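A.B. asks: No sequence on hand, only this structure:
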């Protein structure tokens with residue numbers, strides 16, 4: 001394991017006390033055992049901290065995710081010590097290495113747009129009886145994900161083929177400054193073999209090809225580690241089809257078939273993009289009057305083959321979605337192997353075609369990048385708009401007042417994913433151009449559209465600054481209102497104005513989480529409008545904003561020049577910051593854990609729209625929890641409290657949905673600091689909406705939820721009617737004491753999202769849940785001897 005909090009997890013020996021479907025049986029009289037299965041939240045922790053004991057033993061699992069117990073509790077089910085029955089045996093499931101393990105996790109920063117567009121797939125509004133609209137929604141998001149792959153590879157082609165091989169190597173002044181390009185320059189190498197434009201492009205194509213293969217490798221490696229974890233096989237429940245949530249379907253956490261298909265399609269799309277960038281330049285030269293007829297014909301055949309392969313890629317992406325009603329073990333092996341192989345063959349033919357000798361061919365100007373990037377931006381904008389229409393129709397079919405943006409959260413997030421992809425591609429191109437160009441007088445630089453897109457960043461920042469100001473004013477007003485509430489919560493205390501302001505300010509800042517949808521809506525809408533303006537400006541003028549504004553009013557011209565210069569600097573600074581953060585995360589475990597917190601939230605969902613997104617850790621964690629709960633309750637017949645904090649409560653709920661009804665009724669659920677309703681219920685209404693959470697309350701034996709007003713993440717579940725008080729505890733006091741008391745002689749801290757188990761209400765609610773559960777007779781035919789522990 002790696003270093004740090006999660007990385008310091010003790011490499012203890014495996015212990016097979018209840019480690020599988022056929023784990024060791026309990027003795028006949030030991031049916032009163034109670035177990036508390038703890039699931040930590042974002043950021044990770046160690047089993048020693050979760051169990052409050054420096055001596056822990058790994059019961060089952062591996063170095064990536066495992067279940068731990070205190071050393072004294074390893075044989076709790078077999079111990080005759082009745083003192084164990086006074087409280088549950090604590091057991092910790094540690095899963096933090098799934099998102100913040102070794103240094104390769106830093107490479108996941110490259111996949112941020114892919115992760116965001118994958119989230120948009122799961123933000124679909126609730127809809128019953130609109131299966132075609134639901135399928136269309138998923139299809140549109142998958143197509144948006146495909147355009148992001150093409151955009152990223154096209155950006156790599158722009159850097160390597162256009163800026164480096166075509167413009168800089170073809171310009172004597174630029175090649176003189178960068179000696180490593182000398183062998184590609186016709187003047188520096190005196191007409192060397194590699195100096196031909198087609199051969200330069202063929203050699204530079206190694207960069208985007210390597211990027212595509214790297215994405216394929218990361219997806220293939222994580223696919224074998226995450227998507228291949230098989231859940232418990234069971235028959236679907238009658239309500240699974242079209243029920244309150246799809247998370248209870250047997251195949252929901254087993255999406256290896258779809259990921260394999262999408263990986264093949266996206267890999268082929270990346271290779272086709274490289275082949276088109278190389279082959280189109282040569283074909284355009286061959287189509288000039290008087291060009292070689294044979295090469296012209298070969299170019300047309302190659303372009304037709306590339307177009308046919310592109311159609312096949314789109315067909316594969318559109319053909320099939322997720323299969324959740326059963327464990328789909330098929331892999332479409334012929335398709336998965338042949339489609340990328342066909343694209344690779346076409347790329348090799350394109351390189352051979354471009355590298356053919358063409359006397360008199362020279363490079364000048366830019367490669368036609370404006371058409372490529374403009375087409376991608378146009379398609380992305382249209383997809384987002386159509387996606388918004390479909391989401392609106394679905395929301396009107398089954399309105400959910402809790403859903404963010406009235407069901408338009410998915411299209412808004414998809415727009416942000418496209419914007420992230422544009423900023424990353426534009427930032428790379430702009431920084432490389434500035435590095436190659438030096439004074440800015442030797443090469444023409446990146447496509448005009450990328451300059452326009454960089455120029456809209458300053459206006460977007462102005463909008464964001466306005467939002468920050470509005471949030472600050474909102475927080476100030478809330479803090480003033482909360483001072484009165486704080487005084488009412490501590491009626492018998494001598495109020496300290498500074499202490500009251502601190503508590504009120506913490507509550508006000510925590511409440512700003514509920515303003516997140518407005519921030520996303522304004523940012524997404526401004527991005528769509530500014531992006532459309534940049535596309536129109538680039539296509540109409542074919543000039544940079546500063547050049548296009550010449551002859552206009554001085555104020556307009558000055559604003560255009562300022563936006564262009566400032567946007568170029570900002571996008572370059574953002575790219576440098578991005579690279580620096582990734583490099584630091586590769587070397588520093590603490591920084592890697594910070595990135596892991598982002599992945600904890602963003603990679604909970606399976607890869608349904610983009611195979612190159614970071615892997616879904618829940619496809620390992622949820623089956624782990626399900627297997628542990630099902631086997632332990634069946635073998636021992638004991639009582640089990642599933643205790644989840646923060647993101648762990650989401651994993652706990654997902655695991656409860658995956659249990660068989662008989663096992664689900666023997667489990668109590670205790671959540672604290674839980675985002676189940678506050679974040680997941682609002683942003684993912686089709687899966688964690690009101691109907692889904694109500695069904696969870698019906699299915700498990702009992703459920704209690706703890707939260708604080710100072711918690712920016714957790715909140716109440718808010719079930720309607722009498723079910724609400726049955727689940728939600730009244731808000732816990734935070735701090736536990738306003739001033740100094742006999743029990744707390746020192747000032748109590750404001751805990752916010754952490755240390756829920758330190759509150760006395762936690763132990764009391766857990767005791768009540770255990771009292772409601774009743775032990776069952778263990779389902780074993782006869783006692784079995786106590787197993788010997790395996791070697792360390």
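C.D. replies: Done, it's in. Predicted, not measured: the structure shown is a model, and the values here were computed from it.
A.B. asks: Quick check: which helices or strands does the helix or strand where residue 314 lies pack against?
C.D. replies: Assigned by DSSP states H and E, residue 314 belongs to helix 293-319. Counting contacts by 3 or more CB pairs under 8 Å, 6 or more residues apart in numbering; DSSP states H and E, helix 293-319 packs against helix 131-157, helix 256-286, helix 333-354. Every C-beta, even on glycine, is put in place using the N, C-alpha and C of the backbone.
A.B. asks: which residues touch the shortest one?
C.D. replies: Applying CB atoms under 8 Å, 6 or more residues apart in numbering, the contact partners of helix 333-354 are 198-199, 201-202, 205, 209, 216, 260-261, 263-265, 267-269, 271-272, 274-276, 278-279, 281-282, 295, 298-299, 302, 305-306, 309, 312-313, 316.
A.B. asks: quick one, helices of the stretch 101-250 of the chain?
C.D. replies: Along the stretch 101-250 of the chain, the stretches classed as helices by DSSP state H, counting those that start in this stretch are 112-122, 131-157, 172-177, 197-204, 206-222.
A.B. asks: buried ones in the third one?
C.D. replies: The reference is to helix 172-177. 174-175 (16 or more other CB atoms under 10 Å).
A.B. asks: again, but for the longest one
C.D. replies: Along helix 131-157, these residues count as buried under the neighbour rule (16+ other CB under 10 Å): 133-134, 136-157.
A.B. asks: Tell me which other helices or strands it touches.
C.D. replies: Helix 131-157 sits against helix 112-122, helix 206-222, helix 256-286, helix 293-319, helix 369-397, helix 409-437, with contacts defined as 3+ CB pairs under 8 Å, 6+ apart.
A.B. asks: Out of those, which gets nearest to residue 660?
C.D. replies: helix 256-286 (22.7 Å; CB to CB).
A.B. asks: how far is the closest one from where the chain is centred?
C.D. replies: Distance of helix 256-286 from its chain centroid, counting by CA atoms, centre = their mean, to the nearest Å, is 24 Å.
A.B. asks: who's in contact with residue 392?
C.D. replies: Going by CB under 8 Å, 6+ apart, residue 392 touches 406-408.
A.B. asks: Looking at these, which one is closest to residue 364?
C.D. replies: So of these, ranked by how close each gets to residue 364 (CB to CB), first place is residue 408, at 46.3 Å.
A.B. asks: Does that closest one touch residue 388 like I think?
C.D. replies: Yes: in this structure, residue 408 is within contact of residue 388 by CB atoms under 8 Å, at 5.8 Å.
A.B. asks: Going by how many neighbours each has, rank those two and give me the top one.
C.D. replies: residue 408 (24 against 21; other CB atoms under 10 Å).
A.B. asks: Would you state the predicted confidence (pLDDT) at the more buried one?
C.D. replies: We have a pLDDT of 94 for residue 408.
A.B. asks: What of residue 589?
C.D. replies: In this model, residue 589 carries a pLDDT of 58.
A.B. asks: Repeat that for residue 381.
C.D. replies: For residue 381, pLDDT reads 95.
A.B. asks: any idea how far the residue of the chain positioned farthest from its centre is from residue 360?
C.D. replies: Relative to the C-alpha centroid of the chain, counting by CA atoms, centre = their mean, residue 290 is the outermost residue, at 52.6 Å. Distance from residue 290 to residue 360, counting by CB to CB, to the nearest Å: 10 Å.
A.B. asks: cool, and residue 741?
C.D. replies: As judged by CB to CB, residue 741 and residue 360 stand 91 Å apart.
A.B. asks: These two: which is more packed in?
C.D. replies: residue 741 (12 against 5).
A.B. asks: Quick check, pLDDT for that one.
C.D. replies: For residue 741, pLDDT reads 85.
A.B. asks: what's the answer for residue 83, then?
C.D. replies: 47.
A.B. asks: re earlier: adding distance to residue 636 as columns, could you present the contacts of residue 392 in TSV?
C.D. replies: Converted to TSV, the contacts of residue 392 look like this (distance: CB to CB, whole Å):
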residue	distance to residue 636
406	48
407	45
408	48
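A.B. asks: And residue 250, its phi and psi?
C.D. replies: Backbone torsions for residue 250, taken as degrees, to the nearest 10, come to phi -60, psi -30.
A.B. asks: remind me which residues of the stretch 51-200 of the chain are low pLDDT?
C.D. replies: The model of the stretch 51-200 of the chain has pLDDT under 70 over residues 80-86, 100-108.
A.B. asks: and the residue at minimal distance from the centre of the chain, what is it in contact with?
C.D. replies: Nearest to the mean C-alpha position of the chain, counting by CA atoms, centre = their mean, stands residue 602 at 3.0 Å. Going by CB under 8 Å, 6+ apart, residue 602 touches 115-116, 119, 614.
A.B. asks: follow-up on the earlier one: looking at the helices and strands packed on helix 293-319, which is closest to residue 421?
C.D. replies: Set against residue 421 and scored by CB to CB, the helices and strands packed on helix 293-319 come closest in helix 131-157, at 4.8 Å.
A.B. asks: can you give me how far that closest one is from the chain middle?
C.D. replies: Relative to the chain's own centre, helix 131-157 is displaced by 15 Å; criterion: CA atoms, centre = their mean.
A.B. asks: orientation of it relative to helix 112-122 in degrees?
C.D. replies: Counting by axes from the mean of the first three to the mean of the last three CA atoms, to 10 degrees, helix 131-157 points 180 degrees away from the direction of helix 112-122.
A.B. asks: by how many degrees do helix 131-157 and helix 206-222 diverge?
C.D. replies: Relative orientation of helix 131-157 versus helix 206-222 (the same axes, to 10 degrees): 140 degrees.
A.B. asks: pLDDT weak spots in this structure?
C.D. replies: Applying pLDDT under 70 to the chain flags residues 1-32, 80-86, 100-108, 234-243, 328, 439-441, 579, 582-599, 774-792.
A.B. asks: Apply 50 and report the result again.
C.D. replies: 1-5, 7-31, 82-84, 240-242, 777-792 (pLDDT under 50).
A.B. asks: Quick one: residues contacting residue 263.
C.D. replies: Residue 263 makes contact with 216, 219-220, 223, 336, 611-612 under the criterion CB under 8 Å, 6+ apart.
A.B. asks: separation between it and residue 620?
C.D. replies: Distance from residue 263 to residue 620, counting by CB to CB: 18 Å.
A.B. asks: same thing with residue 720?
C.D. replies: Counting by CB to CB, the gap between residue 720 and residue 620 amounts to 34 Å.
A.B. asks: So these two - more neighbours on which side?
C.D. replies: residue 620 (20 against 8).
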